[in-house]
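**Q** model this:
(2 chains)
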Amino acid sequence: MGKVVLVTGVARQLAGRFVRRVQREPEVDRVIAVDAVPPRHDLGDAEFVRADIRQPVIGKVLAQAGVDTVVHLDVSGTPLGAGGRTQAKETNVIGTMQLLGACQKAPTVSRLVVKSTTSVYGSAPRDPAVLTETTPVKSLPSGGFAKDAVEVEGYVRGFARRRPDVAVAVLRFANILGPRADTPLAEFFDLPILPTVLGYDPRLQFVHEDDVTEVLVVASTEPRRGTLNSGTFNIAGDGVLLLSQTARRLGRPTVPVLLPAVTWVGRLLRTAGVTDFSREQIRLLTHGRVVDTRQMRETLGFRPAYTTAETFHDFARTRPPGLLPPARLAAAVDGLAARVQRKEHTP
Amino acid sequence: MTDAKVIPFGDDARRRGSSGGSAAGRSRARRAAPSGPPGVPGAPGPAEAADAADAGGKAALAAVPEDGRPPHEERPGAGIPAQAGGEPHGRPGARSGGPEAEGGEPQAPAAPSLGDALGGLADRLLGGPWEERVASGLAFLRRRVTGDYEVDEFGYDAELTDQVLMSLLRPLYEGYFRVEVKGIENIPAEGGALVVSNHSGTLPIDALMTQVAVHDHHPAGRHLRLLAADLVFVLPVVNDLARKAGHTLACAEDAQLLLERGEVVGVMPEGFKGLGKPFSERYKLQRFGRGGFVATALKTGVPIVPCSVVGAEEIYPMVGNSRTLARILGFPYFPLTPTFPWLGPLGLLPLPTKWTIQFGEPIPTDGYPPEAAEDPMLVFNLTDQVRETIQHTLYELLVERRSVFF
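**A** Got it, this is the predicted structure:
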């Protein structure tokens, strides 16, 4: 008998793509997709169950279907639909608590995969430059999605202690980007002029949407030979990009703003509804964050198809050109070079 | 013992005053030496090169012996737009400043060897490399404006460091402090190594000069990756430049990762204690932290290269420390020098001391068992050994030193 996979938060693009992808795995028999709102995208042959994971009804779904793999993707920074930040926090934290409680009662569950984020490390100037899974966190995130993720991971650790027979994988994703990305960072890059923090050039790491889907499949199926897919893993593309580099590659001018003013600008933009410029994001765009991915390569045995730079290129490709398109700047420099050469040859 | 070997400060000033003329002559002779080919009289060479400079643009400055100052003043201005990604016209200058040192050598013999040839001919001769330099400068600019360059996980921007940051520091290194480097071959040509140095001078200029020394003199062209205090990464602009120059936070995790990747890592275990010690305690090494650097070297099995820097102690003679101001500003100390707060920004000008950087014999750490890093006695002993080596080398260099300033 094949596996029965339950996926939460399927109304989001990313989870929807994973649902469609995991059905193609030969060892997977049945996919149950759960969310409180019906998804607008196609879920293939998966069975959609409209259930709110904050309600105990999720336990019944688990028991009835005899689910053995739970993929918890309903941990997200932005709320789906109305409700704002409070709603998102409710779903992240209370939803996880309910789901884990239900899993603990369900004897069939043998594998749990939870989506987390590298923002659980926070961003501080006093942190080591490259964070590993075991790096002690210097400054815990004070609020927002990062704090939710820290709390979710705490509950997951508690669950892993109480159910040692369940293989638990926590995947800490770097900033997810791609052609269809709708994260706060993607919205930031869509601004015509990018506000940056004066005197700081953060290092950023991205992971491609396709790699997210693939690594979730790796984590939610049987481990391949020589690999182990339970534990906590940082998931990020190779290499880093500086914020200044991303702005130049996008062709968007940057406006350096003093750090105290950035907070104010952020609040202004948030009020205007242009972008969700939360405090943790300002910290990210000030100090940056880079994680070590050796565990992902060596233990999990996953190699991302896209590097950070390729991910960003794939993202930038789909965006409208900025005010300073790199192609035009390059052409201007080439023109200058040609003029210099001509001047050299004429006398 | 220490006081006997440290040359008193005031004495140097007097000696410098009396022999100032001869010193100037000597330094001029030294500067002229590489550009004046043997057998050719010195006078026509520079004169003609100066003509060429007027005709051929700033590239020809490399051929002029007295070139220490003009490129120096020019580079900072040109370097700033390169940082901010601003006006393109500033960039070629920034780039052309970089390879001057190499580019100057072949040009200089060419101009005087033509003897009394026309200025136009020299111009055309100089045109080749000049054009090349502009072309590569524009290629550099093109990569910068389109963001098409790479940085490593620590934010190290190798291209920017080579082309701009090192060129900005080089005048200070060559012209101002006239750094003499000894024993650079003690840094292995490949694989990781931990360079452990003394720290002094109120501002961490000694670390930057050591970086230039390794960058410019090491035969294998190695880069020194410095470990910096956390204060560096809190300050705006400073943290940005430090990361791009390849520095990272002084913590065991970062040091270990860099050493595992086979980088040469530079560490100043004295930290602020060494940097901000009073002038009266110059060249007396402070406690070497808790020996964390030795434990990291043992874990990764890389050799420890002791490094002694002489000359940095006297650049800002710190005669006092305003604890109140330091506390208000959040700095570990607030230096009071004979010039600093009193003359305003002019007080920030370091004294032009003559520096010597000596790299000592590497101390191997790969012969120990893997658990050696957890053995406090061994770590303390090795720490003391490194510290003693640096202290003795400092004394030796101080005895050899003729004066603080030349």
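**Q** Okay, now the unreliable bits of chain A?
**A** Applying pLDDT under 70 to chain A flags residues A:1, A:80-83, A:273-277, A:344-347.
**Q** if you set the cut-off to 80 instead, what comes out?
**A** A:1, A:77-85, A:138-140, A:142-143, A:262-263, A:265-279, A:340-347 (pLDDT under 80).
**Q** What residue in it comes nearest to chain B?
**A** Closest contact between chain A and chain B, by CB to the nearest CB, is at A:Gly199 (2.6 Å). From N, CA and C alone the C-beta is placed, and that goes for glycine too.
**Q** how about the nearest residue to that residue once chain neighbours are set aside, what does it touch?
**A** Distances taken as CB to CB, 6 or more residues apart in numbering or on different chains place B:Pro236 nearest to A:Gly199, at 2.6 Å, with adjacent residues excluded. For B:Pro236, the contact set (CB atoms under 8 Å, 6 or more residues apart in numbering or on different chains) comprises A:Val197, A:Leu198, A:Gly199, A:Tyr200, A:Leu259.
**Q** Tabulate those residues (TSV), appending neighbour count and secondary structure.
**A** Shown next, in TSV, are these (neighbours: other CB atoms under 10 Å in any protein chain shown; DSSP: H, G, I helix; E, B strand; the rest coil):
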residue	neighbour count	secondary structure
A:Val197	22	strand
A:Leu198	16	coil
A:Gly199	16	coil
A:Tyr200	23	coil
A:Leu259	13	helix
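**Q** related to what we said a few turns ago, touching, the residue of chain A closest to chain B and A:Ser244? I think so.
**A** No - counting by CB atoms under 8 Å, A:Gly199 sits too far from A:Ser244 to count as a contact (11.8 Å).
**Q** Get me the contact residues on the stretch 51-200 of chain B for chain A.
**A** Within the stretch 51-200 of chain B, the positions adjacent to chain A are B:85, B:88, B:127, B:131, B:134-135, B:138-139, B:141-142, B:144-155, B:157 by CB under 8 Å from any CB of the partner chain.
**Q** from these, which ones fall inside helices?
**A** Judged by DSSP state H, helices contain the following of these: B:Gly127, B:Glu131, B:Val134, B:Ala135, B:Leu138, B:Ala139, B:Leu141, B:Arg142, B:Arg144, B:Val145, B:Thr146.
**Q** mind putting these in a markdown table, pLDDT included?
**A** A markdown table is the format used below for these (pLDDT from 0 to 100):
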| residue | pLDDT |
| --- | --- |
| B:Gly127 | 53 |
| B:Glu131 | 73 |
| B:Val134 | 82 |
| B:Ala135 | 83 |
| B:Leu138 | 88 |
| B:Ala139 | 89 |
| B:Leu141 | 90 |
| B:Arg142 | 89 |
| B:Arg144 | 90 |
| B:Val145 | 88 |
| B:Thr146 | 88 |
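**Q** Name the nearest residue to residue 204, sequence neighbours excluded.
**A** Reading this off chain A. Using CB to CB, 6+ apart, the closest residue to A:Leu204 is A:Leu241 (5.4 Å).
**Q** Actually, chain B is the one I wanted.
**A** B:Pro204's closest residue in space is B:Leu275 (CB to CB, 6+ apart), at 6.2 Å.
**Q** now A:Ile32
**A** Excluding the flanking residues, the one nearest A:Ile32 by CB to CB, 6+ apart is A:Leu6, at 4.6 Å.
**Q** I'd like the next helix or strand past the helix or strand harbouring the one you found.
**A** Assigned by DSSP states H and E, A:Leu6 falls within strand A:3-8. Using DSSP H and E, the helix or strand that follows strand A:3-8 in sequence is helix A:13-22.
**Q** between that next one and strand A:3-8, what angle do the directions make?
**A** Per axes from the mean of the first three to the mean of the last three CA atoms, to 10 degrees, the angle that helix A:13-22 makes with strand A:3-8 is 170 degrees.
**Q** Helix A:13-22 packs against which elements?
**A** Counting contacts by 3 or more CB pairs under 8 Å, 6 or more residues apart in numbering or on different chains; DSSP states H and E, helix A:13-22 packs against strand A:3-8, strand A:28-35, helix A:209-220.
**Q** Serialize these to JSON lines and add fields for mean neighbour count.
**A** Formatted as JSON lines, the helices and strands packed on helix A:13-22 follow (neighbours: other CB atoms under 10 Å in any protein chain shown):
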{"stretch": "strand A:3-8", "mean neighbour count": "25"}
{"stretch": "strand A:28-35", "mean neighbour count": "22"}
{"stretch": "helix A:209-220", "mean neighbour count": "22"}
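**Q** Quick one, which of the ones you listed gets closest to A:Arg180.
**A** helix A:209-220 (6.4 Å; CB to CB).
**Q** so what are the domain limits for chain B?
**A** Domains of chain B are assigned by automatic domain parsing as B:34-146, B:158-315+B:350-400.
**Q** Select, out of those domains, the one closest to A:Leu140.
**A** Closest to A:Leu140 of the domains of chain B, according to CB to CB: domain B:158-315+B:350-400, at 17.8 Å.
**Q** mind checking how far the closest residue to chain A within chain B is from A:Pro256?
**A** Closest residue of chain B to chain A, CB to the nearest CB: B:Pro236 (2.6 Å). From B:Pro236 across to A:Pro256, the span is 9 Å (CB to CB, to the nearest Å).
**Q** Find residues that contact each of these two.
**A** Both B:Pro236 and A:Pro256 are contacted by A:Val197, A:Leu198, A:Gly199, under the criterion CB under 8 Å, 6+ apart.
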